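Chemist: Here's my sequence, what's the structure:
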Amino acid sequence: MRAVTKVALVLGPSSVLCFVTPTIHPVRQSSATVLPIAEKTIPDLDLADIEQSRWSNPSFVNVCEETGVTLSRYMMEMARENPELSEVESIFSSVQTACKTISNLVRRSSIRGITGLEDSGSINIQGEEQKKLDVITNNVLKRALQYTGKLATIASEEEDTPVLLDNRGNAVYSNDVLLESEGRYVAVFDPLDGSSNVDAGIPTGTIFGIFESPEECEIDLEDDMDIAARQCLSNTLQPGTQLVAAGYCLYSSATTLVFTMGNGVNGFTLDEQIGEFVLTHPNIRIPNRGKIYSFNESNRNDWDEPLVQYINALQAGKGESGKRYSSRYIGSMVADVHRTLLYGGIFGYPADKKNMDGKLRLLYEAAPMAFLVEQAGGLALTGKTRIMDLKPKKVHQRVPCILGSRDDVAEMRKYYETMSSAELDARCASRLTEEAE
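Modeler: Numbering: from 1, shown residues only. Have a look, this model is predicted:
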């Protein structure tokens, strides 16, 4: 079976690329009815299947003192060690070119007059007003990936429906996913996560993932395009367990690219003097427990009751660690996850009364980040369910997302297990059905 790759990119003062069952403490009584979890509906977590290494890691004996291990060299060595990844090397070459370009666009956005909303007042498929940089960065990443010759499909947060391409990368049929008649992989991405922060100089980023395209997705250009494109789109809605790679690029005090290909997590920082991403964070491991929680607390009164009680415990120092946690929230997923990855703790954009399925998109935000965090030794759940196990029903499906240090996330899940309700169980179970909409 072909592998799938996901990568996330984040923009800021610098650019960065980044290729749990807790013991519950006494909490106040809740009106929620305690119910047993149906094992066949909401399966228990099998931590043994998480963080399995898929590939052999290369060894770097001779390293140039001036350049270090560049991303280009790393990918060449990975492909030499694992020939099955030779085509992924080409995709990563395009990803890093796009990230460098986006990093420069973000840094110079005020100077170039590309901040603010689109003059046309355009709205994306999410119903969100598009920033000028949303449109520009989407085109940068889409075009960089489109002409690799290795991709069959490209899906983006900013696109509406499928686009079929000929074998030269030219669009034949247009919509929210780009489809190519040749190519082995599927690329999904959020070109500029946290774009609303750009005008204020707050860190932003890019998130991406790569899947292997199902063989049945091969399209004959003589076939009915509408039927073929819809069938192919349906086949590309794969769970995170099928990812070949995933990552993000952070645009902050430095530009950092962090990613995984299923063999651990490595971070590369852009050296602007030589124009290369250089390995600066090898084998990133998230601490088993942290001291920071990262949530938008303005929605606190509308959260699920188990989450409210868990956060109350962390603030009061009554959690399993016995320590009081600090709150840190940037509002850019890439930046918040990057901090959580390095320092530990727990990050979340959970369900609330207004957004019962959260706000983060499963296919190109939650799943790639979940893959990354798990490969670093962490855990990523919707509350009860492992995000990597969820098969998307549509391209822009949203899910609650809570991820971070394994012990912290596992402790949070115990609250959901103990304070379960019929409504909450039904909501969790509905995400496990596989029928595409």
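Chemist: Domains in this structure, by residue range?
Modeler: Following automatic domain parsing, one finds the domains of the chain at 5-19+56-281, 292-430.
Chemist: Quick one: end-to-end length of the last one, please.
Modeler: With C-alpha to C-alpha, to the nearest Å as the measure, the first residue of domain 292-430 is 31 Å from its last.
Chemist: again, but for stretch 400-411
Modeler: Terminal-residue distance, stretch 400-411 (C-alpha to C-alpha): 17 Å.
Chemist: and that stretch, what's its mean pLDDT?
Modeler: For stretch 400-411, the mean pLDDT works out to 98.
Chemist: Repeat that for stretch 430-437.
Modeler: Rounded mean pLDDT across stretch 430-437 is 66.
Chemist: Would you reformat the domains of the chain as a markdown table and include mean neighbour count?
Modeler: The C-beta positions use only the backbone N, C-alpha and C, and glycine is treated the same way. As requested, those are exported to a markdown table (neighbours: other C-beta atoms under 10 Å):
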| stretch | mean neighbour count |
| --- | --- |
| domain 5-19+56-281 | 21 |
| domain 292-430 | 22 |
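Chemist: between the ones you listed, which gets the lowest average pLDDT?
Modeler: Minimum mean pLDDT among the domains of the chain: domain 5-19+56-281, a mean of 80.
Chemist: Return the distance of that one from the chain's centre.
Modeler: 11 Å (C-alpha atoms, centre = their mean, to the nearest Å).
Chemist: what does stretch 412-423 give?
Modeler: 25 Å.
Chemist: Between the two ends of it, how far is it?
Modeler: Stretch 412-423 has an end-to-end distance of 19 Å (C-alpha to C-alpha).
Chemist: shift numbering so it begins at 888
Modeler: Right, with 888 as the first residue, what we last looked at is stretch 1299-1310.
Chemist: Put the alpha carbons of stretch 1081-1100 into PDB.
Modeler: Coordinates of each C-alpha in stretch 1081-1100 appear next as PDB, following Å, rounded to 0.1, in the frame of the first residue of the first chain:
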ATOM      1  CA  GLY A1081      -3.200  31.900  11.600                       C
ATOM      2  CA  SER A1082      -3.300  34.400   8.700                       C
ATOM      3  CA  SER A1083      -5.500  36.700  10.700                       C
ATOM      4  CA  ASN A1084      -2.400  37.400  12.900                       C
ATOM      5  CA  VAL A1085      -0.200  38.500  10.000                       C
ATOM      6  CA  ASP A1086      -1.100  42.200  10.200                       C
ATOM      7  CA  ALA A1087       0.000  42.300  13.800                       C
ATOM      8  CA  GLY A1088       3.300  40.500  13.200                       C
ATOM      9  CA  ILE A1089       2.200  37.400  15.200                       C
ATOM     10  CA  PRO A1090       3.700  34.000  14.200                       C
ATOM     11  CA  THR A1091       1.900  32.100  11.400                       C
ATOM     12  CA  GLY A1092       2.600  28.800   9.600                       C
ATOM     13  CA  THR A1093       1.900  26.200   6.900                       C
ATOM     14  CA  ILE A1094       0.600  22.700   7.600                       C
ATOM     15  CA  PHE A1095       0.700  19.900   5.100                       C
ATOM     16  CA  GLY A1096       0.300  16.200   4.700                       C
ATOM     17  CA  ILE A1097       1.100  13.600   2.000                       C
ATOM     18  CA  PHE A1098      -0.900  10.400   1.400                       C
ATOM     19  CA  GLU A1099      -0.500   7.800  -1.200                       C
ATOM     20  CA  SER A1100      -3.100   7.900  -3.900                       C
END
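Chemist: if you count residues, which strand in the chain comes out on top?
Modeler: As assigned by DSSP state E, the longest strand anywhere in the chain is strand 1130-1147.
Chemist: could you point out which element follows it?
Modeler: Downstream of strand 1130-1147, the next assigned helix or strand under DSSP states H and E is strand 1152-1158.
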